[in-house]
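J.: with the sequence up front, the predicted model follows.
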Amino acid sequence: MRTKLSVVLLFLIPGFAIVGILYYMLIWTALVSTMNWVGMAPVWKFAGLKNYEILFHMPRFWTNMKNNLIWLLVFVLPTGVFGMILAYVLEQFPKTSRYFKPIFLYPLVIAPVVAGTLWAWIFEPQTGVLNNILSLIGLGALRGGWIADPRQAIYCMIMAGIWQNFGFSLVLYTAAIKEIPNDHIDAARVDGAKSSQIFFYIVVPEISHATIIVFSLLVLYTLKIFDLVWVMTGGGPGYSTEVLPYFMYRVTFRQLMVGMGAAIAMIILLISFLVLVPISKWMMERWER
Amino acid sequence: MKSRSQKTVKFLAITTAIILSIAYLLPIYVMVLTSLKTPYEITQRTYLIPSIDLHPENYAKAFSLVKNALLNSLIISSSVTAISSFVGGLSGFYLSRFKSKFSKILFVLVGISLYLPYQAILVPLVQLMARTRLALTHAGMIMSYSILNVPLASILMGTFFMSVPREIEEAAEMDGATKRQIFFRVVSPMAMPGYASTAILVFTQVWNEFLLALTLSTPQTATLQVKLAEVKGSFVALYNLQMAAAIIGIVVPVGFFLLLGRYFIRGILAGALKG
């Protein structure tokens, strides 16, 4: 019995000590968010919820919230929905589509810093690739300010985000669609169902678990965007393209308002709990199996 | 009749896929072409047309800019990959073989921790590194990234171990093998593809990470991503250098993807869906 315990500890200790450290640091951040900590050295001066209060009265914070909402709508929805549709369409011709998948997947392994560098140049108004191609093919009228235009810049970034993450939703949906039992679809086809009917009434419901995971993970992605903003616009023009994760970094490490930075981190965490709940439910189901 | 309409659908689908593929490959195409041009050729703005003379010396210049950072990234990413795969293997084995209420709670806690936004632990991590005086060293970077990647490795390995058949294990146990022997001699060798998936996923993640690298790294430990962001900022209009440096930066992960893409995809699926 004693040897068994030592073996259990061998497997248990290293990994879970690390997870323990992670949660310890999380609580630490929660505490700091209630401190009036300014500067790099620790200042444990309790301030209650003042950091949050200041944030909620800050127009810049609400610009950030709005931008995160834009990401949620303009990035998550198309990436998820088109991933699902393309996965279904390509699955109809598995032999041909084999050659396409790597093309949509390779951006996944490219660093966001590189993707940002590339797309920032594509959307640059003067020397940028897009405007020059538009002129070249006689669509000069469509030239835009893109990344330099406060109203368009965030959509340029979202474009880069979609380009990178589309393959992720494609690969998960492809796997989910492959797992649908063939006879379900065959039976419907024998009954004379059209492809679109099969898609909406059989495929979509049967891959709903994948939908929950894909959308949750994409939402979590929008709560982590940092690299693209840093590289493409630096949050500008002004702070028009800032998002919460980027704002947190600026506040903490540039303005050294560590307490307030921690408050932003906690707000990010609270929002991510909305999707972490379905994910942990899914985790439990997986464990049961 | 039916086959004809099916053919039309196939034609439309494939055409769409081809157009999308072009949109996906165009950025890389422009990147490669531009990395081989002179600054003067770039001012011509004929981005889609290759230059007559290729200028591979851009790569030599870009390489000398990033070579230290490249070495740092190689050291840090491979160390973290080794540590995370090993520790993840141990805890993954625990999660998949010692089923109890306790391990169920652990599984969910680990599962959540792998999705935590880095922002939520960034400040304490920096403080920890400063207090342990590891802040300025490779060891500090390796430790920080290991803390962040062990949960991912544990869940992935746990998932892969679940699909390893139990019969051989039971047979070994009957022969008197201990759990430790079973883990190292029986289950781990059988789960080698799982280790490959975990390793490739952790490696790419660490290689591409920017926020933590930016916060923790010093000029001596700056990773490739930090350096690339710097190159982008300081060679503003020199797209040839920017692109050459960027291509040097993606060669390793893209190489892994092209050679071991199967394992990469299996890792993504194991992390999210299968179980």
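T.: Here it is on my side, so go on. Predicted model, so just to flag it, every value in this text is computed and none were measured. Numbers count the residues shown, from 1 in each chain, chains lettered A, B, ... in the order given.
J.: which segments of chain B make up each domain?
T.: Domain assignment for chain B by automatic domain parsing gives B:2-43, B:57-272.
J.: can you add mean neighbour count and distance to A:Y99 and give these back as a markdown table?
T.: Backbone N, C-alpha and C define where each C-beta goes, glycine included. Shown next, in a markdown table, are the domains of chain B (neighbours: other CB atoms under 10 Å in any protein chain shown; distance: least, CB to CB, whole Å):
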| stretch | mean neighbour count | distance to A:Y99 |
| --- | --- | --- |
| domain B:2-43 | 15 | 9 |
| domain B:57-272 | 20 | 13 |
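J.: give the contact list for the closest residue to A:F11 other than its chain neighbours.
T.: Nearest non-adjacent residue to A:F11, counting by CB to CB, 6 or more residues apart in numbering or on different chains: B:Y94, 3.9 Å away. By CB atoms under 8 Å, 6 or more residues apart in numbering or on different chains, B:Y94 lies in contact with A:V8, A:F11, A:L12, A:G15, B:S103, B:L106.
J.: can you redo those as CSV with distance to B:A272?
T.: Formatted as CSV, these follow (distance: CB to CB, whole Å):
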residue, distance to B:A272
A:V8, 29
A:F11, 24
A:L12, 25
A:G15, 20
B:S103, 21
B:L106, 20
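J.: tell me the one of the residues you listed nearest B:I28?
T.: Closest approach between these and B:I28, by CB to CB: A:G15, at 37.8 Å.
J.: checking my notes, the residue nearest to A:F11 in a helix, right?
T.: Yes - counting by DSSP: H, G, I helix; E, B strand; the rest coil, B:Y94 is located in a helix.
J.: would you check how far apart it and B:M31 are?
T.: Distance from B:Y94 to B:M31, counting by CB to CB, to the nearest Å: 44 Å.
J.: so where's chain B uncertain?
T.: For chain B, applying pLDDT under 70 flags the ranges B:1-4, B:273-275.
J.: center of it - which residue?
T.: By CA atoms, centre = their mean, the mean C-alpha position of chain B lies nearest to B:T204, the distance being 1.3 Å.
J.: ok, that residue - contacts?
T.: B:T204 neighbours (CB under 8 Å, 6+ apart): A:V109, B:P253, B:F256, B:F257, B:F264.
J.: just the contacts of B:Y94 now: which is nearest A:N68?
T.: Using CB to CB, the contacts of B:Y94 come closest to A:N68 at B:L106, 31.4 Å.
J.: wait, a strand at the closest one?
T.: No - using three-state DSSP, the assignment for B:L106 is helix, not a strand.
J.: ok, it - contacts?
T.: Neighbours of B:L106 in contact, by CB under 8 Å, 6+ apart: A:F16, A:V19, B:Y94, B:L95.
J.: just give the nearest non-adjacent residue to the last one, would you?
T.: Think B:L95. Ranked by CB to CB, 6+ apart and with sequence neighbours excluded, the top spatial neighbour of B:L95 is B:G158, at 4.0 Å.
J.: next, report how far the helix or strand harbouring the one you found is displaced from the centre of its chain.
T.: Here B:G158, judged by DSSP states H and E, is contained in helix B:138-162. With CA atoms, centre = their mean, to the nearest Å as the basis, helix B:138-162 stands 12 Å off its chain's centre.
J.: next one: stretch A:204-222
T.: With CA atoms, centre = their mean, you get 12 Å for stretch A:204-222.
J.: how about stretch A:258-266?
T.: When distances are taken as CA atoms, centre = their mean, stretch A:258-266 is centred 20 Å away from the chain's centroid.
J.: do the same with stretch B:42-52
T.: Its chain's C-alpha centre and that of stretch B:42-52 lie 32 Å apart, by CA atoms, centre = their mean.
J.: go on, stretch B:24-39?
T.: 23 Å.
J.: nearest to B:L74 among the contacts of B:Y94?
T.: A:G15 (25.0 Å).
J.: would you check how far apart the closest residue to chain A within chain B and B:L152 are?
T.: Nearest residue of chain B to chain A: B:S91, at 2.7 Å (CB to the nearest CB). With distances taken as CB to CB, B:S91 is found 11 Å from B:L152.
J.: now do A:S240
T.: Counting by CB to CB, the gap from A:S240 to B:L152 is 34 Å.
J.: cool, B:T221 as well?
T.: 22 Å.
J.: equivalent analysis for A:L77, please.
T.: Going from A:L77 to B:L152 by CB to CB gives 26 Å.
J.: ditto for A:L139
T.: Going from A:L139 to B:L152 by CB to CB gives 44 Å.
J.: so what's the residue of chain B closest to chain A up against?
T.: A:F11, A:L12, A:P14, A:G15, A:F16, B:V110, B:V150, B:S154, B:M157, B:G158.
J.: now do 6 Å
T.: Each residue near B:S91 by CB atoms under 6 Å, 6 or more residues apart in numbering or on different chains is listed here: A:G15, B:S154.
J.: then A:V219?
T.: A:V219 neighbours (CB under 6 Å, 6+ apart): A:V76, A:V275.
J.: just say helix, strand or coil for it.
T.: helix.
J.: distance check, it against A:Q152.
T.: Taking CB to CB, one finds A:V219 at 24 Å from A:Q152.
J.: same check on B:R262?
T.: 39 Å.
J.: show me where pLDDT drops low in chain A?
T.: For chain A, the stretches with pLDDT under 70 are A:1-3, A:287, A:289.
J.: pull stretch A:86-97 out as CSV, backbone CA atoms only.
T.: Provided in CSV are the C-alpha atoms of stretch A:86-97 (Å, rounded to 0.1, in the frame of the first residue of the first chain):
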residue,chain,number,x,y,z
LEU,A,86,-17.0,24.6,-46.1
ALA,A,87,-16.3,21.5,-44.1
TYR,A,88,-19.6,20.1,-45.2
VAL,A,89,-19.1,21.0,-48.8
LEU,A,90,-15.6,19.6,-48.9
GLU,A,91,-16.7,16.4,-47.2
GLN,A,92,-19.0,15.7,-50.2
PHE,A,93,-15.8,15.3,-52.4
PRO,A,94,-13.3,13.8,-49.9
LYS,A,95,-10.9,12.7,-52.6
THR,A,96,-10.5,16.2,-54.2
SER,A,97,-10.7,18.2,-51.0
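J.: now that stretch: buried residues?
T.: For stretch A:86-97, the neighbour count (16 or more other CB atoms under 10 Å in any protein chain shown) marks A:L86, A:A87, A:Y88, A:V89, A:L90, A:S97 as buried.
J.: okay, these in a markdown table with secondary structure and distance to chain B next?
T.: Shown next, in a markdown table, are these (DSSP: H, G, I helix; E, B strand; the rest coil; distance: CB to the nearest CB, whole Å):
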| residue | secondary structure | distance to chain B |
| --- | --- | --- |
| A:L86 | helix | 8 |
| A:A87 | helix | 11 |
| A:Y88 | helix | 10 |
| A:V89 | helix | 5 |
| A:L90 | helix | 7 |
| A:S97 | helix | 7 |
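J.: which two among the residues you listed are spaced furthest apart?
T.: Maximum distance among the buried residues of stretch A:86-97 (CB to CB): 10.7 Å, for A:Y88 and A:S97.
J.: contacting residues around residue 86?
T.: No chain was given, so I picked chain A. If a contact means CB under 6 Å, 6+ apart, then A:L86 has A:L170 as its contacts.
J.: where's it relative to A:S169, distance?
T.: Note on A:L86: its distance to A:S169, by CB to CB, is 9 Å.
J.: number of residues surrounding the residue in chain A that chain B sits nearest to?
T.: Taking CB to the nearest CB, chain B has its nearest neighbour within chain A at A:G15, 2.7 Å off. When neighbours are counted by other CB atoms under 10 Å in any protein chain shown, A:G15 registers 28.
J.: surely it meets B:S154?
T.: Yes - contact criterion CB atoms under 6 Å: A:G15 and B:S154 qualify, at 5.1 Å.
J.: ok so, going back, dump the contacts of B:Y94 to TSV, plus distance to A:F46 and secondary structure.
T.: Shown next, in TSV, are the contacts of B:Y94 (distance: CB to CB, whole Å; DSSP: H, G, I helix; E, B strand; the rest coil):
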residue	distance to A:F46	secondary structure
A:V8	41	helix
A:F11	41	helix
A:L12	36	helix
A:G15	35	helix
B:S103	38	helix
B:L106	33	helix
